[in-house]
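Undergrad: heads up, no residue letters with this:
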């Protein structure tokens, strides 16, 4: 297989800046591609918090003006890798507090269209070797709506690199009004319902869905789901029309960071051959949340955004029934304020059985994964999901809904799967509070059969979720995109 020059474009990347799963992909996939001997460069906006987090000062490579804004391209490397990283430095647009898309109050930046249009235009210049880098990619890999304009803009040029567009969450589409379209001075021919126009406004993500040579999303099941009205968020018609160019590739996980055998953030390291050492982490978790110290109690955990998508309301609805059972529950997350308050109130009421930490804490996330018996992930939709894979690696069996990447990565503890030693978790029959309650009870009953439970744990811990597999699938997709680009 040939080695490719790949420009990987994203609006966030772990460990520098993260709001969701895109950051994990952008922080891991370029590294995996680099290890496969591909010449990959990562490009990100130079956000204020990202610049503060850099341990070494980046090198200035190029200066220009785009849309009357001063722009500098800085070069460094993605931390923990040898992947070159270019930062698009435009202080008026990116040097501000808050996260990449919202201010400190959680309100979307009013100029997000201007910010990510400029980012996309700079990517196009890099793709065309117009920034003095003496390097031109064969493939430009774009991710989510923030880079959706790139395939549209490159499509207007002859001999442009091939483009791949990955949808991480179709619910976020970058939709703006006609006035914004005009302010951005985009080509008028893009204002068409078969191009960027979208119900009187326009959508960044349509640029990727319509114009990219190949489209991918982050699981095979989600690739099918987004072609339906239930999951397509209005884009299902476009995706149905491009079904032949759409594929699903499961995300990998960072096995350096999420490895119970070497994890410095947990109380006791362990592996599938030393599963009994996991108990020390349960004890530490109970101590952290001031839960009753019981070694044999069934402990469940949640690490999640507290949002309707994640099914947190389903869990809240059944809390009274759960708290009547001999079990404990710990929750780490933030999001919907009503959900935060409901969980905090419940933690006060059920002290010793329920622990809640509103916010995010990386160390605590690792301890939860190591210390629980079951991880709850009752998502209404889940393009890929990562925590269900982290949980399996830590021998904490996931309870998941039958959607998206959850379906593709968890083998249900059915009687047949248990008999064949391939079960790795519990897949709910449907998305509902009663299905969640019933599945938890099924898991709790199986937990009492410790010999069987440990077989499930060992199967889960040996599941292969490495980025090497995913990277090879993306390389095959790049090959198809280049072939498509060359065909008349």
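TA: In hand now; what should we look at? Remember, predicted model here, so these are calculated numbers, not experimental data.

Undergrad: only C-alpha atoms from now on, for both contacts and neighbour counts.
TA: Fine.

Undergrad: does residue 211 touch residue 149 like I think?
TA: No: between residue 211 and residue 149 there is no contact under CA atoms under 8 Å: 9.1 Å.

Undergrad: so for these two, which sits in the more crowded spot?
TA: More neighbours surround residue 149 than the other of residue 211 and residue 149, with 30 against 23 (other CA atoms under 10 Å).

Undergrad: and the contacts of whichever helix in the chain runs longest?
TA: Looking across the chain with DSSP state H, the single longest helix is helix 467-486. For helix 467-486, the surrounding residues in contact (CA atoms under 8 Å, 6 or more residues apart in numbering) are 28-29, 32-33, 138-139, 161-164, 213-214, 249-254.

Undergrad: inside strands: which ones of the residues you listed?
TA: Judged by DSSP state E, the contacts of helix 467-486 include 139, 162-164, 214 as members of strands.

Undergrad: what pairs with residue 197 across the strands?
TA: Counting by DSSP bridges, residue 197 forms beta bridges with residue 202.

Undergrad: for it, which residues are in contact?
TA: 190-191, 203.

Undergrad: for those residues, which one is nearest residue 396?
TA: Using CA to CA, residue 203 comes nearest to residue 396 of the contacts of residue 197, at 39.9 Å.

Undergrad: doesn't residue 195 make contact with that closest one?
TA: No: judged on CA under 8 Å, residue 203 makes no contact with residue 195 at a distance of 9.1 Å.

Undergrad: which one of those two is surrounded by more residues?
TA: Per other CA under 10 Å, whichever of residue 203 and residue 195 has more neighbours is residue 203, with 24 against 19.

Undergrad: nearest residue to that one in space, please, no chain neighbours.
TA: Once flanking residues are discounted, residue 203 sits nearest to residue 175: 4.3 Å by CA to CA, 6 or more residues apart in numbering.

Undergrad: I'd say the one you found and residue 201 touch.
TA: Yes: contact criterion CA under 8 Å: residue 175 and residue 201 qualify, at 6.8 Å.

Undergrad: more neighbours: the two, which one.
TA: Taking neighbours as other CA under 10 Å, residue 175 and residue 201 compare with residue 175 leading, 19 against 16.

Undergrad: show me the contacts for that one.
TA: Applying CA under 8 Å, 6+ apart, we find residue 175 in contact with 198, 201-204.

Undergrad: before we move on, what about residue 333?
TA: Residues in contact with residue 333 (CA under 8 Å, 6+ apart) are 302-306, 357-360.

Undergrad: can you tell me which of these lies nearest to residue 323?
TA: Of the contacts of residue 333, the one sitting nearest to residue 323 (CA to CA) turns out to be residue 302, at 15.3 Å.

Undergrad: where does that closest one land on pLDDT?
TA: If you check residue 302, the pLDDT there is 98.

Undergrad: host element of it?
TA: strand 298-306 (DSSP states H and E).

Undergrad: can you name the element that comes right after that strand?
TA: Going down the chain from strand 298-306, the next helix or strand is helix 312-317, by DSSP H and E.

Undergrad: pull out the buried positions in that next one.
TA: Buried residues in helix 312-317, defined by neighbour count with 16 or more other CA atoms under 10 Å: 312-315.
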